[in-house]
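Chemist: Return a 3D structure for these sequence lines:
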Amino acid sequence: MSIPKTPDPALLVLSVLGADWNRFWPRLKDDLEELFGQVEYASDPLAFTYTTYYDRELGTPIARRILGFKRLADHETLAEAKLATNALEARYARADGSRICNLDPGFLTQERLVLATGKNFTHRVYLKKGVFADLTLIYQGDAWVSLPWTFRDYAAPETQEHLYALRSLYRRKLDNLKKQ
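Modeler: So this is what the prediction gives:
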């Protein structure tokens, strides 16, 4: 018999996509910190060339920043993180409602990266309030492993380099938490 127990808290990570960074950054970073606490890890902008899906709405060229937050989060809060980032996207949107940035929150643990989404699909599990959990990557051995549905950008070495760094940061946080 399995006995339910609360898992270790997760590291809240966030992908920020945008083309006109001068229009929303660093003001957006301040708003994110107001919601989720201090940003402890922020990548430099990474060229986003994996798809043209966002070009029409966000403009070009699109770059991504990957963020990690200092405070660990309970797994139950992933849906609220997605709803909060959706509200920020709307607040920063143009007058016609089109977004100037795309915010994708997720939880990173020792075993996996799970992103929050409002879109249902076969491998996504419903959380609540219209939000689904997307198992994006798993960690096996000493490597991130892509799944058949993993978006190409998350499978890319330049993205995974940041996910390795974030996972190391997360493991240090867990070690410190367990020492307390």
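Chemist: how about the helices of the protein, start to end?
Modeler: All helices of the chain, identified by DSSP state H, fall at 21-24, 27-36, 55-58, 78-92, 152-155, 157-179.
Chemist: Using CSV, write out every CA atom in the first one.
Modeler: The C-alpha coordinates for helix 21-24 follow below in CSV (Å, rounded to 0.1, in the frame of the first residue of the first chain):
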residue,chain,number,x,y,z
TRP,A,21,12.4,43.6,-24.0
ASN,A,22,12.9,47.4,-23.5
ARG,A,23,9.1,47.7,-23.3
PHE,A,24,8.6,45.3,-20.4
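Chemist: Residues in contact with it: which ones?
Modeler: Contacts to helix 21-24, defined as C-beta atoms under 8 Å, 6 or more residues apart in numbering, come from residues Gly18, Pro45, Ala63, Tyr92, Ile100, Cys101. (Glycine included, C-beta is placed from N, CA and C.)
Chemist: rerun at 6 Å
Modeler: By C-beta atoms under 6 Å, 6 or more residues apart in numbering, the residues outside helix 21-24 that reach it are Tyr92, Ile100, Cys101.
Chemist: again with the fifth one
Modeler: Helix 152-155 is touched from outside by Tyr50, Thr136, Ser146, Thr159, with contacts defined as C-beta under 6 Å, 6+ apart.
Chemist: Show the model's pLDDT score for the second one.
Modeler: Same thing as Thr136. Confidence at Thr136, expressed as pLDDT, is 98.
Chemist: Report the separation between it and Arg27.
Modeler: According to C-beta to C-beta, to the nearest Å, Thr136 and Arg27 sit 28 Å apart.
Chemist: can you check the first one too?
Modeler: With the distance defined as C-beta to C-beta, Tyr50 ends up 27 Å from Arg27.
Chemist: Pick out whichever of the two has more residues nearby.
Modeler: The neighbour comparison of Tyr50 against Arg27 (other C-beta atoms under 10 Å) goes to Tyr50, with 16 against 10.
Chemist: buried stuff in stretch 169-176?
Modeler: Across stretch 169-176, burial judged by 16 or more other C-beta atoms under 10 Å covers Leu169, Tyr170, Lys173, Leu174.
Chemist: Bridging across strands, which residues link to Leu103?
Modeler: Leu103 has the following beta-bridge partners by DSSP bridges: Val16.
Chemist: gap between it and Glu80?
Modeler: 14 Å.
Chemist: More neighbours: those two, which one.
Modeler: Higher neighbour count among Leu103 and Glu80: Leu103, with 23 against 18, using other C-beta under 10 Å.
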